[in-house]
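> A predicted structure for the sequence below; I have some questions about it.
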Amino acid sequence: MTALLSILHDYWKLLLIGSYPTGPLGGMAVTLTLSVFTMILTFPFSVLLALTHSRGGPWLRRLCSAWVALIRGTPLIMLLFWNYFLVPLLIGRNVSGFVTMLVSLVIYETAYVSEIIRSGIEALPSGQYEAAKALGLDFTQAHLRIILPQALFNALPSLINQFTSIVKETSLGYVINVQEFTFAATQVNGELLTFPFQIFFILAAGYFAVCYTLSRAAGRVEMSVQRRRTRAQPLPTAPTLLAEHS
């Protein structure tokens, strides 16, 4: 316990923000920054892929299905290495580890988030889209005003849980020298050498604190969604009640 407290006292700043402001930002700050940027950039691509997969023609649906299956069947670390070694060859210059990790996560997470959104779209009654068309809304207006708001609201707990997965997946960034939380912990371990259990216990506790908070938030959002759904259910009409008791 003494060693654990000593490590926290001496290296808390490195674990939280790296060498900032005298050096590059690192630690948990980079982990959260990378996670937030990944979710922001993933969202529009996921919506586009989900709509194409759900509403596109047969060939587009097959193409989207094949793409999702390919990405979901590929380990993230393999995709990370492909980007790390292949992209500089294609563009003729080096790319930072942060950008490589961000691009890899966006490609990888788009396949998962798009399926969450697609499930939310397809869970809605078909009458929603028919009613939108009856009001004179075109495809884009119907989905932006009617379909997507409902689908995204219903999918919100799953989206938060996926954000939790992104936070954990950023830990792979240390293999390409992204100065995130795991990289900071390995730096501390490299300096001390004698307390690996305590250092990686702190690492696990840090991830647990963030992911548990997000999981609790997802649970609360899910309860809120369920309450809204219950309130939105119409009361049974008199003919319905008579039919049920007859």
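In hand now; what should we look at?
> what's the pLDDT at the residue nearest to residue 112 when sequence neighbours are not counted?
Once flanking residues are discounted, residue 112 sits nearest to residue 162: 6.0 Å by C-beta to C-beta, 6 or more residues apart in numbering. For every residue, glycine as well, the C-beta is placed using N, CA and C. pLDDT, residue 162: 89.
> now the one helix or strand residue 162 maps to, how far from the centre of its chain.
Secondary structure assigned from DSSP states H and E places residue 162 in helix 148-169. Average the C-alpha atoms of helix 148-169, do the same for its chain, and the two points are 7 Å apart (C-alpha atoms, centre = their mean, to the nearest Å).
> next: stretch 73-86.
For stretch 73-86, the distance to the chain centre is 18 Å (C-alpha atoms, centre = their mean).
> likewise for stretch 85-94?
26 Å.
> other residues contacting the helix holding residue 162?
For helix 148-169, contacts defined as C-beta atoms under 8 Å, 6 or more residues apart in numbering pick out 31-32, 35, 38-39, 47, 76, 105, 108-109, 112-113, 116-117, 119-121, 123-124, 128, 207, 210-211, 214-215, 217-219, 221-222, 225, 228.
> restricted to helices, list those.
Of the contacts of helix 148-169, the ones assigned to helices by DSSP state H are 31-32, 35, 38-39, 47, 76, 105, 108-109, 112-113, 116-117, 119-121, 128, 207, 210-211, 214-215, 217-219, 221-222, 225, 228.
> drop anything exposed from these.
Neighbour-count burial (16 or more other C-beta atoms under 10 Å) is assigned, among those, to 31, 35, 38-39, 47, 76, 105, 108-109, 112-113, 116-117, 120-121, 207, 210-211, 214, 218, 221-222.
> measure the residue positioned nearest the centre of the chain to residue 131 for me?
Nearest to the mean C-alpha position of the chain, by C-alpha atoms, centre = their mean, lies residue 163 at 3.3 Å. Residue 163 sits 32 Å away from residue 131, going by C-beta to C-beta, to the nearest Å.
> what does residue 147 give?
For residue 147, the distance to residue 131 - C-beta to C-beta - is 11 Å.
> now do residue 220
31 Å.
> spatially, what comes nearest to residue 87 if we skip its sequence neighbours?
Per C-beta to C-beta, 6+ apart, closest to residue 87 is residue 95, 5.4 Å.
> sec struct for the one you found, please.
coil (DSSP: H, G, I helix; E, B strand; the rest coil).
> that one: neighbouring residues, count only.
A total of 15 residues lie near residue 95 under the criterion other C-beta atoms under 10 Å.
> the helix or strand that contains residue 43 - what's its average pLDDT?
Using DSSP H and E, residue 43 maps to helix 27-55. In this model, helix 27-55 has a mean pLDDT of 90.
> against residue 126, how distant is residue 62?
22 Å.
> and the two? which has more neighbours close in?
Taking other C-beta under 10 Å, residue 62 and residue 126 do not tie; residue 62 has more neighbours (12 against 8).
> pretty sure residue 121 is touching residue 142, no?
No: taking contacts as C-beta atoms under 8 Å, residue 121 lies outside contact range of residue 142: 11.4 Å.
> what's the overlap in contacts for the two?
Going by C-beta under 8 Å, 6+ apart, no residue sits against residue 121 while also sitting against residue 142.
> just give the closest residue to residue 105, not the sequence neighbours.
Excluding the flanking residues, the one nearest residue 105 by C-beta to C-beta, 6+ apart is residue 38, at 4.3 Å.
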